[in-house]
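Visitor: Got a sequence here, can you model it:
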Amino acid sequence: MKTLQAYSAIYRHNKNSHVKYWGTGFLAALAIILFLPWTQNIRARGNVTTLRQEQRPQELNSIIPGKIVKWYVKEGDMVNAGDTILQISEVKEDYLDPELLGRTGEQLGAKKSSVAYYKNKVDATQMQIGALGNNRLLKQNQLQNKIQQLQLKLQSDSMEYVAAANDYTIAAQQYRRQKTMYDSGLVSLTQLEQRNQVFQSAAAKKISAENKTGSTRQELVIASIEMDAINQDYVEKVSKAQGEQFQSLSQIAGGQGDLAKLQNQYSNYSIRSGMYFITAPQAGQITKAKKAGIGEIIKDGEMLVEIVPGNVDYAVELFVEPVDLPLVTVKQKVRFLFDGFPAIVFSGWPNASYGTFSGEVVAIENAVSTNGKFRVLVKEDMADKKRWPGALKIGTGAQGVALLKNVPVWYELWRNINGFPPDFYKPAAANEKK
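Guide: Numbering: from 1, shown residues only. All right, here's what the predicted structure looks like:
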């Protein structure tokens, strides 16, 4: 029988098969792969941000309301710290006066002069009170000397009165005896009249001495009253001067209050005049200009432009599921895939991946974000030789792979089949720190 070529090509029963060897090899390779180390990981998405908040894009706001006069930059321009962005002018009627600062300074100077005048008046009143005290002391000394003289004169007059009273008593007794002798006829009428004359003279001297003593005593009382009058007059004048002094002190206190208020206004006006030119707080690029034209009115606190800082310490903010949060620790290593940068990733074998970049966890927020996840901040790993791309921009998307514990492949397959989370794992650095 003639051999058919198709039959021999289809039915190869007379050939030796190598399927058994291939199957054995495949099973052996699969067994080897199942026992290879696999790095557990957590995947999370996020975006590029900055490590410090002052390096993030910031709004440039106007502190005071005003009207735009001139723009000095346009969107996309690079500026340095202190460069002028735009100029505004006043729109409030309280600040429209171009000489407002100068006139407020004049008011401030006038109020200072007024306070100085009142202080001088207080000093003058104090000198007046001192002069009144000296005048009072002088008059008191004069009256005191007069009183002492009157007291001495009163003593002298009192002695004269006593002597005149004694002379009167003696003269009276002599007159009575002389009259008795005259009645007896022992003396003549002439002798009686002579004795009567002596008696009348003694009586007159007594009355004169008594009047003189009373007059001196009256002068002494008047001098004492004058002393009291001097004290009363001094008290009245001093009280009036002190009242004027206290009034001046009140004017000084009120003037100092007005002066402080004017100084506050002057400082506010001076600071406000420096806000008409809005400058860049730091170096960066101008973006998102909210106002476009000249003459547009802006409100206080309204955003004008946004500044994107030029020098930035880049970081990545990742949002981790709550179930994976206990597995993330500070200083933990994270591998990144940045949007726009090609990469080949083997999640279980990070060393075999291409195009990934290394990072290190620096902060884990304790409060949940609005998306229901926890925010984790990761910075560049400076120990890794491969630097992050220089073309990174804030907001660029990133996918992070947090590296955990090394386990066999079969264990990782078994864990995923059963839906178990990755093993709880703390890196050595965290354990040493703890």
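Visitor: and the closest residue to Lys386 other than its chain neighbours, what does it touch?
Guide: Once flanking residues are discounted, Lys386 sits nearest to Phe357: 6.3 Å by C-beta to C-beta, 6 or more residues apart in numbering. Using the backbone N, CA and C atoms, a C-beta is placed for each residue, glycine as well. Shown in contact with Phe357 (C-beta atoms under 8 Å, 6 or more residues apart in numbering): Arg335, Phe336, Phe338, Glu380, Asp384, Lys386, Trp388, Pro389.
Visitor: Residues in a beta bridge with the first one, which ones?
Guide: So that's Arg335. Ser358, Val401 (DSSP bridges).
Visitor: Okay, it and Glu360: tell me how far apart.
Guide: Separation of Arg335 from Glu360 (C-beta to C-beta, to the nearest Å) stands at 11 Å.
Visitor: residue ranges for the helices of the stretch 301-434 of the chain, please.
Guide: For the stretch 301-434 of the chain, the helices defined by DSSP state H, counting those that start in this stretch cover 409-418, 428-433.
Visitor: Check those for me: which has the lowest mean pLDDT.
Guide: Lowest mean pLDDT within the helices of the stretch 301-434 of the chain: helix 428-433, a mean of 49.
Visitor: most distant residue from the middle of this protein?
Guide: Distance from the C-alpha centroid of the chain, by C-alpha atoms, centre = their mean, peaks at Gly185 (121.5 Å).
Visitor: residue closest to the middle of the protein?
Guide: Asn264 (14.7 Å).
Visitor: how close does that residue get to Ala253?
Guide: Taking C-beta to C-beta, one finds Asn264 at 17 Å from Ala253.
Visitor: In this structure, which strand is the longest?
Guide: For the chain, the longest strand by residue count, based on DSSP state E, is strand 37-50.
Visitor: from the middle of its chain, how far away would that strand be?
Guide: Relative to its chain's centre, strand 37-50 lies at 45 Å (C-alpha atoms, centre = their mean, to the nearest Å).
Visitor: In its sheet, which strands sit next to that strand, and in what direction?
Guide: Counting by DSSP bridges, strand 37-50 is paired with strand 314-320 (antiparallel), strand 397-408 (antiparallel).
Visitor: Ranking those by mean neighbour count, which comes first?
Guide: Among those, strand 314-320 has the highest mean neighbour count (mean count of other C-beta atoms under 10 Å), at a mean of 22.
Visitor: Could you export that one as PDB, CA atoms only?
Guide: Below are the C-alpha coordinates for strand 314-320, written out as PDB (Å, rounded to 0.1, in the frame of the first residue of the first chain):
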ATOM      1  CA  TYR A 314       8.900  69.100  45.700                       C
ATOM      2  CA  ALA A 315       7.000  66.400  47.600                       C
ATOM      3  CA  VAL A 316       4.000  64.100  46.800                       C
ATOM      4  CA  GLU A 317       0.800  64.000  48.700                       C
ATOM      5  CA  LEU A 318      -0.800  60.500  48.600                       C
ATOM      6  CA  PHE A 319      -4.300  59.600  49.700                       C
ATOM      7  CA  VAL A 320      -4.300  56.200  51.500                       C
END
